[in-house]
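[1] Pasting the sequence and the predicted model now:
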Amino acid sequence: MKIKNAGASLRTKDFAFKVKSAGDAGAIEGYASVFGVRDSYNEVVMPGAFADSLAKHTREGTYPLMLWQHNPDEPIGVWNEMSDDGKGLFAKGQLLQGVRRADEALIMLKAGAIQGMSIGYREVDVEPATNGDPRKLLKLDLLEASIVSFPANRRARVDSVKSDGRLSEFAQRLRDGEPPSIREFEDVLREAGIPKAMAVQIASVGYAKAVRSESEGGEAIKSAVSDAIASLRSITKP
């Protein structure tokens, strides 16, 4: 089963940015995403995921933004070529010399001090995780691609963004009378770092009971799930 228009919330996904070159003039190029690789969120970006979004940018004469750390107030350059080439999302761009953050990014990229890119996107078409298979991202609306330094708290920040987006999606589906499956909720718990056995128990007992209760609304479920994830994160933190 595929889900169209899976989520309107902005999500981020990090990749090791395999920089093919970082010239003195600020030209950079490399793969921003590699297809078919299961990530720590049990998701796989599928070949062709960016094709429609890039085609729309082409029609409109635009490119996704190049930002520093996803900060819309800190553009650091321009992407002037992006292609969904079957292997991944290949990107060429130009860091703008004289922009402080851009100059700093170039210095760190050339020294190997930072080696990452994180894309900002909205999901358009996804295939839920089933029978141990990862969640497949089939079509994504690519909004920006940031050069990032991968700070120590990166996982917590990204987990929060993704989990909040999934929780909002769950709440809306509950309000619409279409509760997500127990397996889908289990996937959200797994994304939050909950061990598999514990996630199965929570989803099959607590979540299932809440869904069956006619007195529970979407907001109540969202609040309970959010509290559960926060509590379990603290319990399972190494």
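    Cool, got the structure.
[2] Lowest-scoring secondary structure element of the protein by mean pLDDT?
    helix 154-175 (a mean of 51; mean pLDDT, DSSP states H and E).
[3] Just the strands from the protein, written as ranges.
    Along the chain, counting by DSSP state E, strands occupy 3-16, 18-22, 27-34, 43-45, 65-68, 71-84, 88-95, 116-127, 135-148.
[4] Indicate which one of those strands is closest to E178.
    Of all the strands of the chain, it is strand 3-16 that lies closest to E178, at 10.6 Å by C-beta to C-beta. C-beta: built from backbone N, CA, C; applies to glycine.
[5] re the thing from before, which stretch in the strands of the chain is the model least sure about?
    Mean pLDDT values for these show the minimum at strand 18-22, a mean of 61.
[6] V126 reaches L137, doesn't it?
    Yes. If you go by C-beta atoms under 8 Å, V126 and L137 touch, sitting 5.6 Å apart.
[7] Can you read off the pLDDT for R233?
    With respect to pLDDT, R233 scores 48.
[8] K13 contacts G116, correct?
    No. Assessed by C-beta under 8 Å, K13 is found out of contact with G116, at 11.0 Å.
[9] Show me which of these two is the more surrounded one.
    Each of K13 and G116 has its neighbours counted (other C-beta atoms under 10 Å); K13 has more, 20 against 17.
[10] quick one: the residue lying closest to that one once chain neighbours are set aside and N131, what's the gap?
    Distances taken as C-beta to C-beta, 6 or more residues apart in numbering place I119 nearest to K13, at 5.6 Å, with adjacent residues excluded. Relative to N131, I119 is positioned 28 Å away (C-beta to C-beta, to the nearest Å).
[11] And those two? Which one has more around it.
    I119 (23 against 5).
[12] contacting residues around the more buried one?
    Applying C-beta atoms under 8 Å, 6 or more residues apart in numbering to I119 gives the contacts 12-13, 15, 32-33, 64, 89, 142, 144-146.
[13] for G88, same thing?
    Listed by C-beta under 8 Å, 6+ apart, the contact set of G88 reads 31-35.
[14] In terms of neighbours, single out the busier of V126 and L137.
    Each of V126 and L137 has its neighbours counted (other C-beta under 10 Å); L137 has more, 24 against 21.
[15] hang on, isn't that one packed against V124?
    No. Using C-beta under 8 Å, L137 is not in contact with V124; the gap is 9.0 Å.
[16] Which one, of the strands of the chain, ends up nearest to S53?
    Nearest of these to S53, taken as C-beta to C-beta: strand 135-148 at 4.5 Å.
[17] What is that closest one packed up against?
    strand 43-45, helix 51-60, strand 65-68, strand 71-84, strand 116-127 (3 or more C-beta pairs under 8 Å, 6 or more residues apart in numbering; DSSP states H and E).
[18] I'd like the ones you listed laid out as TSV, including distance to A197.
    Below are those laid out as TSV (distance: least, C-beta to C-beta, whole Å):
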stretch	distance to A197
strand 43-45	21
helix 51-60	38
strand 65-68	39
strand 71-84	38
strand 116-127	25
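[19] who wins for proximity to Q97 among the ones you listed?
    Closest to Q97 of the helices and strands packed on strand 135-148 is strand 71-84 (C-beta to C-beta; 9.3 Å).
[20] now that closest one and strand 27-34, what's the angle there?
    On the basis of axes from the mean of the first three to the mean of the last three C-alpha atoms, to 10 degrees, strand 71-84 is oriented at 80 degrees to strand 27-34.
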